[in-house]
Structures are given as structure tokens and as C-alpha cells.
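In: Everything below, folded, please.
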Amino acid sequence: MKSLIEKLDLEIFIENFKKFYARDKDIALVGDINQHYRYIDALSKIEFPEIKAVSNLDIELNRIKKYGVLGLKEIYNFMIIVAYFNSLKSLTLPEPLNRWIFDINIPDEINNILLYFTDEGDLNPEKEPELYDIDRAIKLNRVSIKESLYKMAHSSKLKDYLVDTQIHFLNGEETLLVRGGFNRVVKASVVGRTTGGFFYIIPQTISHLKERESNLLSKREELIYRYAKEFSTIFHKYYLFLRFINREYDRFDHYQARVRFAKSYDYEFILPSKSKGIKLSRFAHPAIDNPKPIDINLDKSVMLITGVNAGGKTMLLKSLLSSVYMSRNLLPFRCDSSNTKIGRYKSIEAVIDDPQSVKNDISTFAGRMVEFAKLFEKERAIVGVDEIELGTDSDEASALFRVILNELRKRDITFIVTTHHKRLASLMSGDDDVELIAALYDEAKREPTYTFLQGSIGKSYAFETADRYGIPSYIIERAKKIYGEDKENLNELIEKSTSLEREMRLKIKKIDSELKSLEKKRINLERVEERLNEQHRKAIATLENRYNAAIKRAREAIRVKDSKDGRRLLNEAHRFKENSKRVKEVKQLNRDILEIGDRVKYRSLKGDILSIRGEDATIEVDGLKMRVALSKLKKIEQLPKIKKPKTNIRVEKPDRGALSIKLLGCFADEALEKLDIFLSDALVNGFSEVEIIHGTGKGILKKVIIDYLKSYPKLQSFYGQKGNLGVTIVKL
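Out: Model prediction:
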């Protein structure tokens, strides 16, 4: 079974990326992808030191945990990590890199070990005098060995037996190359022999020097082991830190590899968005040399790709799936990042290869059914299916796959499907959540363009493709004749009708959207008009109240004495009255023309117009008749006109309204009749609060009045006056 990477043709891309790692690892990033992206973005903005290759240290960490002694090279691998983080700390880093790196506190004892190593990973002789002396002695001894061998190679005694005067190294030993019979003139040990019958020898005259070198090397190894044991003991003490910094080195390795890879190939990073959908701009699949950039948008549940053979349908499918795979692993690729968006999906499934297997006794179609059956266990996945009707009758498969796709879409699965058969495309073309894509063909050049058109079904161009790849023309002509002109015409009609239908649907959708926008604006304007009308009404009421109050004050002043204050107050009251008249005379824009029978709104009340007289109208609200100005009414719906008999009955605003009514000593019916007239007058006069004086007594009258008020439609609330049980306050 091929892996997803192989199915999407990303093997070389992944191999090239892994070359940037300091040590081999899986490409997946574990944890919060948004946080990883912030670190990668920050790292891409600075120049940082090149990371050094380090082997996997899991085995070494396990040995440290068990008090094992590491070799010098193994210890140095940990020191490479420590040294690299120290170099990062010396840089000016952007956030959040700065906080992360500087929060890694390296113990002084670990940093001190770093001083004992050279850049090549050897123990530093300058840090240990004994090691310095041993290395110096080994060096001098080797000089002595070379000098002794040089003298022997140029001595007349051995001259006749020497093959050459060079000093030869064999298995790390300095030797001379001689012919047979050399033992007649010199005592030596034979350490090797050539195919020509010559001998590599070590003269006994330098054996003491060799023995001395061996002793020095043994002492050096003992010293190195002592340091290795000491360092390993310190490592055990800081085991948790070493495990932590080893893991952080891997984490930084993930980041730096992606940044260097992106810069080397001029790639861009795309952070997956929370929503579904794919929008690719100038995308290029990394497996294609000199690719034609793709611009495509997948914002629906199903994308059906039809069109010319070898026109790039499969590569478009792989490109869409590859973009999701690369973005979810934060692997950079070539695209226009400013216009590219890729959604998040729980999994990526590629149904691409022919699953037929003789070994498993499974046919192509049966294999496809097995793969589709597994999809019913998935949710929020993106699935690519190449040649969906492969292996069975296309008409039957079209009906079957239409039902399967519709059912799997309920599990929030997105499909990208390629097909040569138009039956499935025509069955699903009427679905608003299906995107049709056609691979285009240049009929003039008789070759695919490797471009795509959204919203239409494409022809396969099987005959043209066969001609392009060398099939004799007479065979193609004969095939066309068998195929028949009607079929060809039918294909063209399907393409045209589908294209027109999609275009019409898009235009209808656009018009609906514009109508909704206009309706929303109309409602907002009505609300503004209603609010302004209410402000206008309140302004009139305020001026009238001021006028009445001013008149009252003026009359009181005049009643006391005919004074200048009285006349001044009267003049002030008349100014309020004039202002009130001017406000009333302001005409409202776009006021509806009202007629008898219209349904209208008055303040928060709704009713019907019974009659119109001048600038006033008589309306009925829940059985209550009242006369109000036409300017205060708003038409809310058009009803059929009501033919009313001519009558002289009308409700007029009384000359004077009262703020209280006394019902003491009244019978229930009499009291309720007076109360009804009183409340109607109060409503017409626009009073917001009145009082009903009913007394206490046995409480019978009060109970009747309270029951009546509970069913009265135009009251906000009512309550008994504090300290006086014989009075009820009513808010209108």
C-alpha cells in the first residue's frame, strides 16, 4: 500500500526537506500549530548560526539514567547542543523566540564541561596539564621513531635490501619495505607482506620507542576515561535537563530546517485556517519541473473535475491534497501567500491508485468499494478520488456514487473527484454545494492548456488525444463515425446547458443578495423614521407641558397682582405655544397617504382608521376609539378598504382632561363607566400617570376597579398609593 506522500508525488520534496535537519526525524510537528508558526515566522526574520549535525541521543540518555559511562564522542554530542543554545543566547531574538531561548537555563557545571573540549571534539590538553605532558611526550617519541627509521633507510648496511627509502604506515605503525634476506643484516619484526613478496618490517632498534609510545597511549586512555566517568556522573545529576535540552534541540531543528528550506527554494508558509475550504493562488506542485501555476478555489463540499485526457485533472487533485498536507505540517511551498488560504481537516484520504489485486482476489471496483466503506468512519476529512467510476459500468456507478457522495457529505467530508464520464457531473450539477471544474483544451493547437474553468463540464477530447499520440487518422475517423454525431452534439449541449445553468444560478444568487441588502436598508430607514417621529412627538409634548405650566404660573401671578412678572410669564408661555405650533406644522418626508380602513400604528399601539376629518383621524384600538393627528400615524399594512356608514359619532379630545377621578359612593357599574371615560380622556390627552380615588370601606369597589384595570389593554402598570389605601395610581 502506497503512503500518502507517494500517492501525492511528494517523495523527492520530503527527501530534499529532510536534508536540512541536523538529525533525522519525522516531519510532523506535535502541539499547537499556531504557536509553531509564530516561532518559525520569528526565526525567518533573523540570521542565525548554522546548526550542527548530532546523532540521536536516546540510547545515551538511557545509559546516563542508569549511571552508565559515556564515551568522549558521546559526551561531546551533548556539548554541541549546549554550545548551540549558548550561541543563540548571544543573539538579539524577536519574540516569542527570545523568551523561549532565554528561559533555557544551562547549569554552570554543564557549561564548565564545555571548556574541556576542542572544536574537533577532543579533550583539551591546555585544560589538563597531565594530558598536555602525555601528548607532548607522544609527539616527541614519534619524532624519534621517524628519525631512527630515516637513518636506517639511508644506511649502507640495509641499502641492498630496501625496496625504497620511504617510511610506510601499516595499521598505524611506521615500517620499512624490504626484500627477502633482510634478516642477515638487521633484526626486525614482520608486520605485513605485499603481493610482490616484499616485507613490511619494524626494526628491533626502535622497539623500545614503540613500547614507550604504547605506554603513553595507555596512560592517555586512562586519563580520558577518568574524565569521561567524571562527566558522566555530572550528566546523571542533570539527567532531566539533558533530556529537556535534547528535546528542545529537536524542536529548534524542526524550525530552522523549515526556514532554511523555504529560503533555499523561495517557498512560502501557509498557516491552516480554522474554517474549511481551499483557495490556491499561483500554486506550483513541487514534483513538476517548470509548472504552470494554479489558481483554484474550493469552497464547496464536492469538486467534480472533468475534461480533456492528460489535461492535468489528476495533478489538480494531487495539488489540492498536497497543499493541505504541506500546510498542516508547516512545510513551505511555492504560491502567492497573500491570496492563498487552506482550511484544516482532520485527515487526508487519497483514493488514487488501482486497488486491483490478484493475490487478494479483489477487482478494481471491489477495491474502490472497500476504500469508500472506510470513509463512513471518517469525519471532517478531505478526500481525493481519481477516476471515480473506475472498474464498472459508468451509468450505474454514477447513480451509486451520487448517493454515496451525498451521504458522506453529511459527515462534513469534502471531496475532490476526477471523472471522464459526464453522467455523474450532469446528475450533480444542479446541487449548489457542488463545484464543476473543466480541464481546458486548445483546439487550435490541438493540445491541453493545463488550465481550468470553474462552473462547467469539460469534454474528454479522446479522439484529439489519440491523434496527438500517433493513432492513425483513418482509425480515428472510423471511431468518430461509430460514435455518432448525435452523441457529440449531446455532449456539447450538456456542457452549454450546465454552463448556462451555473451562470444563471450565480446571477440569481447575486440578485438575492442585493435584494436582502436593500430590504435591510429599508427596515433600518423605517426604524430611523420611527425614532425621529417619536422624538418629534416628545418635543411637542414637552413644549405643550411648558406652555401649560407657564400659563398656570402667569395666571397665579396676575391673580395676586397685576404685575410685570405676570405679563412676562404670559409672553413666555405664548412663545412656548408658538414653538409647539411650529413643531406640529413640520411636514414629515415620505409620509404615507392614509385612508379609511388602513392598518396604522400610533406610538406603541396598533389599530384601524374609522374616519378622517381634516388633519385628524378616528382610530379604533382594541375596541377603544380615539382621535389623533394623521401626522402621528404610521401605515403598517394595506388592508381592503372598509365601507363605513355615514354617522355623526366621533370621539373628540375634551377641552380639559383630569389627572384624577373620585369614585367614592358609586355603584360598580356606574364606577366602571366613569372610569372607562376617564381613562380614554387621559390616553387622548397623552397623560402618563393618573390616580383613581375609590376609598377603602369594605374594599368591594376597590376589587371591582382592580379587576377592570387588569383587563384594560393600554396600561403599563398600576399600584396602590403609599400610605393611602383608598387611592390607586395608574401608569398609561
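In: Please, which helix or strand holds the nearest residue to Gly623 once chain neighbours are set aside?
Out: Distances taken as C-beta to C-beta, 6 or more residues apart in numbering put Pro713 closest to Gly623, at 7.9 Å, once the chain neighbours are dropped. To be clear about C-beta, it is placed using only N, CA and C from the backbone, and glycine gets the same treatment. Using DSSP states H and E, Pro713 sits within no helix or strand.
In: Then Ile437?
Out: Per DSSP H and E: strand 434-442 holds Ile437.
In: From the contact counts, what lies against that strand?
Out: For strand 434-442, the packing partners by 3 or more C-beta pairs under 8 Å, 6 or more residues apart in numbering; DSSP states H and E come out as strand 302-307, helix 313-328, strand 447-454, helix 485-560.
In: what pLDDT, on average, does the first one get?
Out: When you say that, I think you mean strand 302-307. Averaged across strand 302-307, the pLDDT comes to 85.
In: And for the second one?
Out: Model confidence over helix 313-328, given as mean pLDDT, is 92.
In: same thing with stretch 43-51?
Out: Across stretch 43-51, the average pLDDT comes to 93.
In: If you count neighbours, what's buried in the strand holding Ile437?
Out: For strand 434-442, burial by neighbour count (16 or more other C-beta atoms under 10 Å) applies to 434-441.
In: Give me the angle between it and helix 313-328.
Out: For strand 434-442 against helix 313-328, the angle by axes from the mean of the first three to the mean of the last three C-alpha atoms, to 10 degrees is 120 degrees.
In: With just CA atoms, put strand 434-442 into CSV.
Out: The C-alpha coordinates for strand 434-442 follow below in CSV (Å, rounded to 0.1, in the frame of the first residue of the first chain):
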residue,chain,number,x,y,z
VAL,A,434,-21.1,21.0,-6.0
GLU,A,435,-18.3,22.9,-7.9
LEU,A,436,-17.8,21.8,-11.5
ILE,A,437,-14.3,22.2,-13.0
ALA,A,438,-13.3,21.7,-16.6
ALA,A,439,-9.8,21.0,-17.8
LEU,A,440,-9.4,23.1,-21.0
TYR,A,441,-8.2,22.2,-24.4
ASP,A,442,-6.8,24.4,-27.1
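In: what angle sits between that strand and strand 302-307?
Out: With the same axes, to 10 degrees as the basis, strand 434-442 and strand 302-307 are set at 20 degrees to each other.
In: What ranges does the stretch 1-150 of the chain have for its helices?
Out: Counting by DSSP state H, counting those that start in this stretch, the stretch 1-150 of the chain has helices at residues 4-7, 11-18, 33-43, 58-65, 72-89, 97-102, 108-114, 129-153.
In: Show me which positions of the shortest one end up buried.
Out: When you say that, I think you mean helix 4-7. Under the neighbour-count criterion of 16+ other C-beta under 10 Å, helix 4-7 has 5, 7 buried.
In: one step back: check the helices and strands packed on strand 434-442 for me: which has the lowest mean pLDDT.
Out: strand 447-454 (a mean of 65).
In: tell me the contacts of the residue in the chain sticking out farthest from the centre?
Out: Taking C-alpha atoms, centre = their mean, the residue of the chain most remote from its mean C-alpha position is Arg184, at 88.2 Å. Contacts for Arg184 were tallied using C-beta atoms under 8 Å, 6 or more residues apart in numbering; there are none.
In: Show me the residue at the heart of the protein, geometrically.
Out: In the chain, the centroid-proximal residue (C-alpha atoms, centre = their mean) is Ser273; its distance is 1.2 Å.
In: Doesn't Phe169 belong to a strand?
Out: Yes - under DSSP: H, G, I helix; E, B strand; the rest coil, Phe169 sits within a strand.
In: neighbours of it, just the number please.
Out: For Phe169, the count of nearby residues is 10 (other C-beta atoms under 10 Å).
In: ok, it - contacts?
Out: Phe169 is in contact with Thr175, counting by C-beta under 8 Å, 6+ apart.
In: What residues are bridge-paired with it?
Out: Glu174 (DSSP bridges).
In: so the residue nearest to Gly623 touches Gly607, yeah?
Out: No - Pro713 lies out of contact with Gly607 (C-beta atoms under 8 Å); the separation is 10.7 Å.
In: Checking Val240 next. Helix, strand or coil?
Out: Just so we're on the same page, residue 240 is Leu rather than Val. Strictly by three-state DSSP, Leu240 counts as helix.
In: separation between it and Pro107?
Out: Per C-beta to C-beta, to the nearest Å, Leu240 is found 11 Å from Pro107.
In: Which one's more surrounded, these two?
Out: More neighbours surround Pro107 than the other of Leu240 and Pro107, with 14 against 9 (other C-beta under 10 Å).
In: nearest residue to the more buried one other than its sequence neighbours?
Out: Tyr238 (5.6 Å).
In: Just give me the neighbour total for the one you found.
Out: Neighbours of Tyr238 (other C-beta under 10 Å): 17.
In: Now the phi/psi pair for it, please.
Out: With angles defined as degrees, to the nearest 10, Tyr238 sits at phi -110, psi 40.
In: Give me the pLDDT for it.
Out: For Tyr238, the pLDDT comes out at 96.
In: same deal with Phe687?
Out: Per-residue pLDDT puts Phe687 at 77.
In: again, but for Leu88
Out: 95.
In: I'd guessed it sits against Glu50; true?
Out: No - counting by C-beta under 8 Å, Leu88 does not reach Glu50; the two are 12.0 Å apart.
In: returning to what we had before: and the residue farthest from the centre of the chain, how far from Leu158?
Out: Here Arg184 is placed at a distance of 10 Å from Leu158 (C-beta to C-beta).
In: And the strands in the stretch 551-700 of the chain, which stretches?
Out: Taking DSSP state E, counting those that start in this stretch as the test, the strands found in the stretch 551-700 of the chain are 599-602, 605-613, 616-621, 624-629, 633-637, 660-662, 689-693.
In: Glu95 touches Tyr39, doesn't it?
Out: No - in this structure Glu95 lies outside contact range of Tyr39 using C-beta under 8 Å: 9.9 Å.
In: Out of the strands of the stretch 551-700 of the chain, which is the most enclosed?
Out: strand 616-621 (a mean of 20; mean count of other C-beta atoms under 10 Å).
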